[in-house]
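Chemist: all I have is the shape, not the residue letters:
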């Protein structure tokens with residue numbers, strides 16, 4: 001009961017929709033079992049609870065639009081859940097990539113903690129339509145897909161056997177009462193269901209191990225009749241002492257490094273990125289087996305320093321050299337991961353105002369990343385940006401067209417092709433992209449691009465579409481009278497418009 005209540009509290013506090021779904025499904029199954037198997041008041045109580053649950057679900061569905069703005073965040077999360085949810089869309093894309101990666105290495109998989117490599121090799125370019133943040137998955141958010149990629153058929157079979165044995169253990173080898181078996185089995189199944197939308201963490205694994213401990217403690221007395229003698233106690237104690245250094249090396253030191261890295265990241269964000277560099281070095285110099293993340297954060301920090309254009313070259317050049325060393329270490333350790341050459345390429349592209357030759361180095365790194373993950377539009381965009389800086393628009397158009405070929409429905413690729421065609425003076429070809437993009441309500445990121453979209457549609461006489469962009473521009477610049485004057489002018493041209 002303590003484990004059940006503890007899990008329910010964690011679920012409510014974390015507001016995880018997959019876990020909430022698991023609780024609802026398992027609670028419904030458990031109540032149905034109780035209603036069918038029990039007699040008397042308990043049976044009627046189960047029926048009443050099912051009726052209240054169904055009525056609550058119908059009420060939430062009917063009033064879901066109002067509940068979107070509820071002060072109770074759990075209700076907000078439930079009300080905003082739908083099959084059209086962007087998060088669900090991106091996770092489905094990640095699962096498809098995972099299945100393709102499993103097919104490439106079906107027996108033993110790609111290795112533990114290597115989902116990102118399989119995802120990278122079979123990246124689904126349609127994911128870019130949901131934003132840059134949804135283009136990198138180091139977890140599948142589905143334990144079956146995750147295990148198939150990491151461990152293949154062998155690893156997945158072992159995973160399924162372990163959970164199946166937990167259920168068998170609970171039902172056949174413990175002295176639990178019937179209702180207690182239902183509860184414990186329900187907790188195990190709920191964990192399996194929520195892992196179809198999430199992934200294992202230290203807390204979720206701790207709960208599984210806690211269930212195993214409880215099952216062991218309640219194992220039927222006739223099955224266990226064994227006591228540990230003095231020699232065995234000494235052997236266990238010696239074993240624990242021998243294991244302690246490994247625990248310190250594999251657990252305590254990484255935790256200390258993680259704390260130092262977190263302090264560096266916070267200091268860089270809240271105070272000074274340049275002065276934070278020594279803090280990053282503290283985390284990097286800790287003697288742990290896990291340094292990839294610290295290297296990545298160091299490179300990100302140096303990239304942000306360069307992006308501000310405030311630090312003198314003589315100060316930042318040693319940082320660039322150090323970042324190159326760290327990225328090379330990551331690339332050597334993970335030669336199949338495209339993110340490491342890409343992130344270093346972004347650093348050199350950002351620092352090209354210090355040395356124009358950095359653009360050549362950045363282009364080489366982007367090519368290296370594209371060899372590892374040839375369907376990533378973001379890499380093509382980054383390489384095209386180098387040509388844009390050099391005003392070689394014919395070459396940048398080639399890169400944008402490659403991105404468009406990889407995923408024709410992604411609006412960002414269509415937009416960049418259109419803008420580059422405009423820069424090349426091929427206006428007639430460019431405008432053919434504008435109307436379809438406007439009809440899809442694609443809104444460019446920068447103000448300059450928004451104005452270009454609005455002005456082009458205005459020139460084409462598509463005031464019904466351009467008014468949408470002038471409206472957005474006016475909302476983003478509410479104190480700019482020129483923008484509001486443009487908006488009013490377009491409204492006057494529209495045949496039907498409101499107040």
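Modeler: Yes, it's here. Treat the numbers as computed from the prediction; the structure is a model and nothing was measured. Numbers count the residues shown, from 1 in each chain.
Chemist: mind listing the helices for the stretch 1-150 of the chain?
Modeler: 2-14, 17-37, 41-62, 64-67, 73-79, 86-104, 115-121, 143-172 (DSSP state H, counting those that start in this stretch).
Chemist: next, the angle from the helix or strand following the longest one to helix 17-37.
Modeler: This means helix 143-172. Scanning forward in sequence from helix 143-172 by DSSP states H and E, the next helix or strand is helix 178-194. Compare the direction of helix 178-194 with that of helix 17-37 by axes from the mean of the first three to the mean of the last three Cα atoms, to 10 degrees and you get 150 degrees.
Chemist: quick revisit: please identify which of the helices of the stretch 1-150 of the chain is closest to residue 314.
Modeler: helix 115-121 (36.6 Å; Cβ to Cβ). C-beta coordinates here come from the backbone N, C-alpha and C atoms, glycine included.
Chemist: now the closest one: how far from the chain's centre is it?
Modeler: Here the centre of helix 115-121 is set off from its chain's centre by 13 Å, with Cα atoms, centre = their mean, to the nearest Å.
Chemist: stretch 247-259 too?
Modeler: 24 Å.
Chemist: same question for stretch 420-428.
Modeler: 36 Å.
Chemist: in stretch 323-342, what counts as buried?
Modeler: Judged by neighbour count using 16 or more other Cβ atoms under 10 Å, the buried positions of stretch 323-342 are 323, 324, 326, 327, 330, 331, 337, 338, 339, 340, 341, 342.
Chemist: which of those fall in helices?
Modeler: In helices, defined here by DSSP state H, the members of the buried residues of stretch 323-342 are 323, 324, 326, 327, 330, 331, 339, 340, 341, 342.
Chemist: what's the farthest-apart pair in those?
Modeler: 324 and 339 (15.6 Å).
Chemist: hang on, the earlier thing: which among the ones in helices among the buried residues of stretch 323-342 gets closest to residue 242?
Modeler: Nearest member of those to residue 242, counting by Cβ to Cβ, is residue 330, at 32.8 Å.
Chemist: for residue 364, what are its contacts?
Modeler: residue 345 (Cβ atoms under 8 Å, 6 or more residues apart in numbering).
Chemist: closest one of the buried residues of stretch 323-342 to residue 176?
Modeler: Distances from residue 176 to the buried residues of stretch 323-342, taken by Cβ to Cβ, are shortest for residue 337, at 46.4 Å.
Chemist: touching, that closest one and residue 369? I think so.
Modeler: No - Residue 337 is beyond contact range of residue 369, at 9.3 Å (criterion: Cβ atoms under 8 Å).
Chemist: show me what contacts residue 108?
Modeler: 151, 152, 154, 155.
Chemist: ok so, going back, relative to residue 278, which of the helices of the stretch 1-150 of the chain is closest?
Modeler: Among the helices of the stretch 1-150 of the chain, helix 115-121 sits nearest to residue 278 (Cβ to Cβ), with 29.6 Å.
Chemist: hmm, who's touching the closest one?
Modeler: By Cβ under 8 Å, 6+ apart, helix 115-121 touches 94, 97-98, 100-102, 104-105, 109-111, 136-140, 146, 149-150, 334, 336-339, 372-373.
Chemist: what are the buried residues along stretch 146-161?
Modeler: Those would be 146, 147, 148, 149, 150, 151, 152, 155, 156, 159, for stretch 146-161 by 16+ other Cβ under 10 Å.
Chemist: before we move on, what about stretch 448-458?
Modeler: 450, 451, 452, 453, 454, 456, 457, 458.
Chemist: take the residues you listed and keep only those in helices.
Modeler: Using DSSP H, the buried residues of stretch 448-458 in helices are 450, 451, 452, 453, 454, 456, 457, 458.
Chemist: just checking, the first one touches residue 473?
Modeler: Yes - A contact is recorded between residue 450 and residue 473 when judged using Cβ under 8 Å, the distance being 5.3 Å.
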